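Engineer: Pasting the sequence and the predicted coordinates here, then a few questions.
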Amino acid sequence: MSRFWRGTRTYGRRLHPVGLAFALVLFTWSISPSLLPRAWYLQGVATGISVAAGYGAGCLAAWVIRSCGVQPSWSPRTRRIGWWVLGVAAVILVPVFLVLGGVWQNYVRDLVGIERTHQANVLLVFLIALVVWFVLLEAGRGIRVGTRKLAALARRLIPRPAANVAGLAVAVLLAVLLVNGALYNGLVAFANWSFSGADTATAAGVEQPTVPERSGSPASAQAWDTLGQEGRTFVGRGPGAADITAVTGRPAKEPIRVYAGRESADSVPSVANLVVAELDRTKAWERKVLAVNTTTGRGWVNQSVASSLEYIEAGDTAIASMQYSFLPSPLAFIADRESPQIAGRALFNAVFTRWIDLPVETRPRLVVFGESLGSYGGQNAFAGFQDMAARVDGGLWVGTPNFTPQWQEVTAARDAGSPEILPVVGDGASVRFASEPEDLDLGTPWKPRRIVYWQHASDPIVWWSPSLLFNEPDWLQEPRGRDVDPNMTWMPFVTFWQVTLDMVFSADVPDGHGHSYGPEATGMWARILQPEGWSDADTARVQAALTGDGGAP
């Protein structure tokens with residue numbers, strides 16, 4: 001035990017007091033509330049990262065001051081007092097903010113309707129934070145040692161100043177190659193290949209359709225086994241004509257759902273052409289509404305959004321979608337943002353090219369929708385929101401990632417005084433934003449071609465951005481959304497990591513919060529398409545059916 005304490009004291013002497021002071025400040029900040037409640041282990045990771053960032057910032061500040069020629073000479077007594085003050089501050093602030101953090105987390109849980117957690121978890125938060133900080137600290141020291149060795153090697157060949165710069169440049173270059181070079185591209189390709197083997201399963205309760213209006217049926221050219229797991233789920237679920245009639249009381253047609261899997265062709269554009277062939281086979285061009293959907297990652301389609309459209313249009317619909325990747329959505333979100341754009345543009349252009357040649361008086365209304373990466377990729381088919389409103393009859397973009405260019409454009413163009421979480425653009429003439437359907441009722445004229453951005457104030461997918469590291473966003477300068485803690489504030493470094501970790505379980509919250517978008521899609525589509533004779537009571541019945549309370553799938 002004595003060796004342990006001696007080792008601890010020795011290690012402690014290697015820590016910089018200024019770095020520790022900064023680390024303590026960021027520790028207290030990291031406990032503050034964020035968009036969603038965090039599991040104790042995620043809170044520990046967020047706190048550990050924040051402490052490491054604070055320590056690094058403090059050490060950097062001290063190095064800059066020394067580099068400017070300022071060399072404070074503190075007496076041993078002053079140093080001891082400084083260490084005691086820092087220690088006492090830590091002993092007081094760490095437990096106080098851990099307890100406050102538990103209180104804040106439970107308040108956020110109340111806002112989104114999740115069960116509270118036990119306060120004792122704060123001890124686990126502290127332990128995990130220490131481990132994460134230690135690992136990051138030692139990793140940083142390892143990089144520093146490696147850089148110095150590179151510089152020492154270079155000094156044998158070139159002058160010392162140039163050698164120091166060269167060592168740093170080589171370290172940076174290696175990091176860039178690791179993250180964004182040939183190695184990166186190879187890893188993405190390898191990951192796609194690896195996950196393709198896991199795409200053969202079929203979700204529980206999903207069976208091959210027998211009706212010809214579905215891809216994967218015996219009448220379809222797209223074999224059931226080629227659709228991928230998410231594709232099989234898409235065509236194997238959803239309401240049939242009898243289900244729609246049972247819920248709405250209206251005569252209904254059998255909805256058309258066409259789909260093609262990534263393994264069915266050599267390229268994404270070729271997969272899109274197979275989808276169009278399925279539209280031809282099912283006579284989708286004769287339906288009242290034709291919807292083009294861009295999926296997420298492995299081909300997932302939000303069943304609530306798709307089924308809502310089918311219910312309110314009495315099944316007189318056709319939905320076209322396809323798989324473009326084998327990567328799970330979280331991995332695709334980080335590693336592959338090109339494929340969704342290629343797929344969104346390829347599928348829409350393939351459908352639009354055929355649709356635009358149809359007689360105007362008989363062709364179906366053309367709408368688009370997508371969620372998360374699907375929203376990001378689907379919007380790539382358009383030059384901007386004005387182009388979108390000119391080419392389609394309606395659109396529903398759900399939980400759009402912050403890095404989506406079209407979303408950025410329309411958000412930046414919002415009317416003065418409207419908040420970033422619910423912008424108003426051009427008095428809502430064409431494009432409107434909503435957290436819930438009632439937000440679309442602005443009381444101003446809305447043109448027939450209607451585009452809706454559906455986003456929750458507590459959805460980290462919508463609000464995450466690298467700029468959170470150093471810049472306070474508008475949505476944290478304005479009044480918070482209905483399900484966001486009003487005490488949430490922006491802090492450099494800290495907020496970025498908080499929102500980053502919020503994304504991990506952003507869909508594991510009740511519908512209406514975070515990245516969980518469900519039956520409220522019915523109210524969105526009803527306002528976009530304005531079906532004749534549709535009422536709020538109809539919307540309520542469909543929502544009940546979609547939540548399992550109405551007796552329909």
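Structural biologist: Now that the structure is in, tell me what you want to look at.
Engineer: Go ahead and flag the most central residue of the chain.
Structural biologist: I461 (2.9 Å; Cα atoms, centre = their mean).
Engineer: Could you look up the SS state of that one?
Structural biologist: At I461 the chain is in helix, as set by DSSP: H, G, I helix; E, B strand; the rest coil.
Engineer: G533 versus that one, what's the distance?
Structural biologist: Counting by Cβ to Cβ, to the nearest Å, the separation of I461 from G533 is 36 Å. Bear in mind the C-beta positions are built from the backbone N, C-alpha and C, glycine included.
Engineer: Might you report the residue contacts of the residue nearest to the centre of the chain?
Structural biologist: Taking Cβ atoms under 8 Å, 6 or more residues apart in numbering, we find I461 in contact with F333, S372, G399, P401, N402, M503, S506, H515.
Engineer: can you check A23 too?
Structural biologist: V51, A52, G54, Y55, G58, W133.
Engineer: Pick the one among the contacts of I461 closest to V91.
Structural biologist: If you rank the contacts of I461 by distance to V91 using Cβ to Cβ, M503 comes first, at 33.7 Å.
Engineer: Quick check: nearest residue in space to that closest one, chain neighbours excluded?
Structural biologist: P460 (4.6 Å; Cβ to Cβ, 6 or more residues apart in numbering).
Engineer: So, low pLDDT: which residues of the stretch 101-250 of the chain?
Structural biologist: For the stretch 101-250 of the chain, the stretches flagged by pLDDT under 70 are 119-120, 144, 146-199.
Engineer: What ranges does it have for its helices?
Structural biologist: Using DSSP state H, counting those that start in this stretch, the helices found in the stretch 101-250 of the chain span residues 121-155, 160-180, 182-196, 228-236, 241-248.
Engineer: Now for the contacts of I461, which sits with the most neighbours around it?
Structural biologist: S372 (30 neighbours; other Cβ atoms under 10 Å).
Engineer: can you map out the helices along the stretch 451-553 of the chain?
Structural biologist: Shown for the stretch 451-553 of the chain, the helices assigned by DSSP H, counting those that start in this stretch span residues 460-463, 494-502, 521-529, 536-546.
Engineer: quick one: which of these is nearest A252?
Structural biologist: Using Cβ to Cβ, these put helix 536-546 closest to A252, at 12.2 Å.
Engineer: check contacts around S304.
Structural biologist: Going by Cβ under 8 Å, 6+ apart, the list of residues near S304 reads Y517, G518, P519, A521, T522, L546.
Engineer: show me what contacts the closest residue to the last one other than its chain neighbours?
Structural biologist: I take that to be L546. Sequence neighbours aside, P519 is the residue nearest to L546 in space, at 4.0 Å (criterion: Cβ to Cβ, 6+ apart). Residues near P519 by Cβ under 8 Å, 6+ apart: S304, S308, D511, V542, Q543, L546, T547.
Engineer: and what of S307?
Structural biologist: Contacts of S307 by Cβ under 8 Å, 6+ apart are G238, P239, L546.
Engineer: element containing it, please.
Structural biologist: Following DSSP states H and E, one finds S307 within helix 303-312.
Engineer: Output that helix as CSV, nothing but the C-alphas.
Structural biologist: This file holds the C-alpha atoms of helix 303-312, laid out as CSV (Å, rounded to 0.1, in the frame of the first residue of the first chain):
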residue,chain,number,x,y,z
GLN,A,303,-42.7,2.7,-40.7
SER,A,304,-44.7,5.4,-39.0
VAL,A,305,-43.9,7.9,-41.7
ALA,A,306,-44.5,5.4,-44.6
SER,A,307,-47.7,3.9,-43.1
SER,A,308,-49.2,7.4,-42.2
LEU,A,309,-49.0,8.4,-45.9
GLU,A,310,-50.8,5.2,-46.9
TYR,A,311,-53.5,5.6,-44.3
ILE,A,312,-54.4,9.2,-45.2
